[in-house]
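In: Using only what follows, build the 3D model:
(2 chains)
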Amino acid sequence: MTKNRFKKSLLLFAVFFKIGLFTFGGGYAMIPIIEREIADKKHWIKNEEILDIFAISESTPGPIAINSATFVGYRVAGVLGSACATLGVVLPSFTIIFIISFFLEKFKSFKAVEYAFNGIKAGVIALILRALYTMAKKCPKNIISLIIACVVFLLSVVFDINLFLIIILAAFTGLIYHLICLKLLKKRGNKNDIS
Amino acid sequence: MIYLDLFLTFFKIGAFTFGGGYAMLPLIQEEVVSHKWLTLDQMIDFIAVSESTPGPFAVNISTYVGSQTGGFLGALCSTAGITLPSFIIILIVAKFFIAFKESTVISGIMVGLRPCVIGLIASAVVGLINTVFFTGFSGIESVLTVKFISSAVILVSMSVLLIKKISPVIIILLSALAGIICGYAFGL
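Out: Take a look at the predicted model:
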């Protein structure tokens, strides 16, 4: 049993190393690869569970790639498995970027590269705008979401309030609103029971 | 102590980012730029590098900032910092999976956090647009500079290509090409 767990952990490391090495663009790009490698090929986890894992990864703090690696690792081989999977997913990025970090600034001192980065900056804003659009599309569309998004935007841009404070306030507001809604629903439910 | 500072800063960023990808951007912008570890310009450039190399943006940027400020040990500290909150929290959540999934407190918090992330990224974009389009100029004449016009043309055309589902790596290559052409044509 323990030997099996050790072997599975090593395999987890290898699989997540591969995932880390071949996904461009982070978290969401990993979903299909995790499905194929972990569920279809190895049968370590059922396909339905993958959706749960990503739902959890989205509602806990931290990068989705690391959250889902830790989660899958834990389900397959406990704490050792989660450590191996997480290390595996981080290591390729870490190595590649560490090497690039020695060249990037020197590379930018070439005139052509400097020009290229001038163009790239505008392209990057397009990429971020697209990510923003995708997120807005996935967010539940109701009055409270609209109010929170707008107030957060104003607090941050106009009043320059600390972002960590804004995040805590937004979480708190959402929680209060949610609890009030649940209470109202329950009341209405009780009334219906009586009538 | 730079190593501890790197670790704690990225730990804080990791613990407060919800939703992955660019959700981290506003916090990186606030913390990393205010520590003077990167300028806003360098951060935007690095987003392009991160899109064209494998792996999650969070790990890429923490490794890069760590390596630039504290060498190998710095990279190790900041990457450990960004990874650890996720790791610890997920281990706890995995143990109480069902309770977590059905918790009204967690779903209530998410009611607030989902739109919050959108508002925060939108505010980060305002800062980025300001840097890319208006640096070095002020007032109404800044809108008429070649820099502004070429950036605007690139931004609009790349947005159109993105709607047509062209891959980010191609977008970056095309913008680089456009930047080189504008650079040599107008001597920006």
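
In: from memory A:F117 sits against B:C182, does it?
Out: No - contact status for A:F117 versus B:C182: not in contact, 11.9 Å apart, counting by C-beta atoms under 8 Å. C-beta here means a position set from N, CA and C on the backbone, and glycine is covered the same way.

In: ok, longest helix in the chain?
Out: I went with chain A, as the question did not name one. For chain A, the helix with the greatest residue count under DSSP state H is helix A:64-107.

In: I was after chain B.
Out: Longest helix in chain B, counting by DSSP H: helix B:57-95.

In: Can you give me the buried ones in that one?
Out: Counting neighbours by 16 or more other C-beta atoms under 10 Å in any protein chain shown, one finds that the buried residues in helix B:57-95 are B:57-70, B:74-87, B:89-91, B:93-94.

In: Now name the helix or strand holding residue 15.
Out: Assuming you mean chain A. Secondary structure from DSSP states H and E places A:V15 in helix A:2-22.

In: oops, chain B please
Out: Per DSSP H and E: B:A15 is located in helix B:2-16.

In: between the longest helix of chain B and helix B:2-16, how big is the angle?
Out: Relative orientation of helix B:57-95 with respect to helix B:2-16: 60 degrees, computed using axes from the mean of the first three to the mean of the last three C-alpha atoms, to 10 degrees.

In: picking up where we left off before, residues touching the helix holding B:A15, excluding its own?
Out: Applying C-beta atoms under 8 Å, 6 or more residues apart in numbering or on different chains, the external contacts of helix B:2-16 come out as A:61-63, A:163-164, A:167, B:24, B:27-28, B:31-32, B:35, B:58, B:62, B:65-66, B:69-70, B:73-74, B:77-86, B:89.

In: Distance from it to the middle of the chain?
Out: 16 Å (C-alpha atoms, centre = their mean, to the nearest Å).

In: pLDDT on that helix, on average?
Out: The predicted model gives helix B:2-16 an average pLDDT of 93.

In: After that helix, which helix or strand is next?
Out: Going C-terminal from helix B:2-16, and assigning secondary structure by DSSP H and E, you next hit helix B:25-34.

In: any idea how far chain A is from the residue nearest the centre of chain B?
Out: Within chain B, the residue whose C-alpha comes closest to the C-alpha centroid is B:L25; the distance, by C-alpha atoms, centre = their mean, is 3.4 Å. B:L25 is 7 Å from chain A, where distance means C-beta to the nearest C-beta, to the nearest Å.

In: how near is that residue to A:L10?
Out: 35 Å (C-beta to C-beta, to the nearest Å).

In: what does A:N142 give?
Out: Taken as C-beta to C-beta, the spacing of A:N142 relative to A:L10 amounts to 47 Å.

In: Where does the record place the domain boundaries for chain A?
Out: According to automatic domain parsing, chain A is divided into the following domains: A:1-107, A:110-138, A:141-195.

In: looking at those domains, which is closest to B:V156?
Out: Among those, domain A:110-138 comes nearest to B:V156, with 8.2 Å by C-beta to C-beta.

In: mean confidence for the closest one?
Out: Per-residue scores along domain A:110-138 average to 81.

In: What residues of it count as buried?
Out: With burial defined by 16+ other C-beta under 10 Å, the residues of domain A:110-138 counted as buried are A:113, A:115-132, A:135-136.

In: pLDDT score assigned to the residue lying closest to B:L120 once chain neighbours are set aside?
Out: The shortest distance from B:L120 to any non-neighbouring residue, by C-beta to C-beta, 6 or more residues apart in numbering or on different chains, is to B:P26 (4.2 Å). If you check B:P26, the pLDDT there is 87.

In: mind listing what B:P26 touches?
Out: For B:P26, the contact set (C-beta under 8 Å, 6+ apart) comprises A:S156, A:L163, B:L120, B:I121, B:S123, B:A124.

In: separation between the first one and chain B?
Out: The reference is to A:S156. Applying C-beta to the nearest C-beta, one obtains 4 Å for the distance of A:S156 from chain B.

In: give me the low-pLDDT residue ranges for chain A?
Out: When residues are selected by pLDDT under 70, those of chain A lie in A:1, A:25-29, A:190-195.

In: mind checking how far the nearest residue to A:I96 once chain neighbours are set aside is from A:G62?
Out: On the basis of C-beta to C-beta, 6+ apart, the spatially nearest residue to A:I96 that is not a chain neighbour turns out to be B:T53, at 5.4 Å. Distance check for B:T53 against A:G62: by C-beta to C-beta, it reads 20 Å.

In: Of the two, give the one with the bigger neighbour count.
Out: Just comparing B:T53 and A:G62: by other C-beta atoms under 10 Å in any protein chain shown the higher neighbour count belongs to A:G62, 29 against 16.

In: Excluding residues flanking it in the chain, which one is nearest the more buried one?
Out: With C-beta to C-beta, 6+ apart as the measure, B:S86 is the residue that lies nearest to A:G62, at 2.9 Å, once sequence neighbours are left out.

In: How about the contacts made by B:E51?
Out: Taking C-beta under 8 Å, 6+ apart as the test, what B:E51 contacts is A:F24, A:G25, A:V124, A:L127, B:F57, B:P168, B:V169, B:I172.
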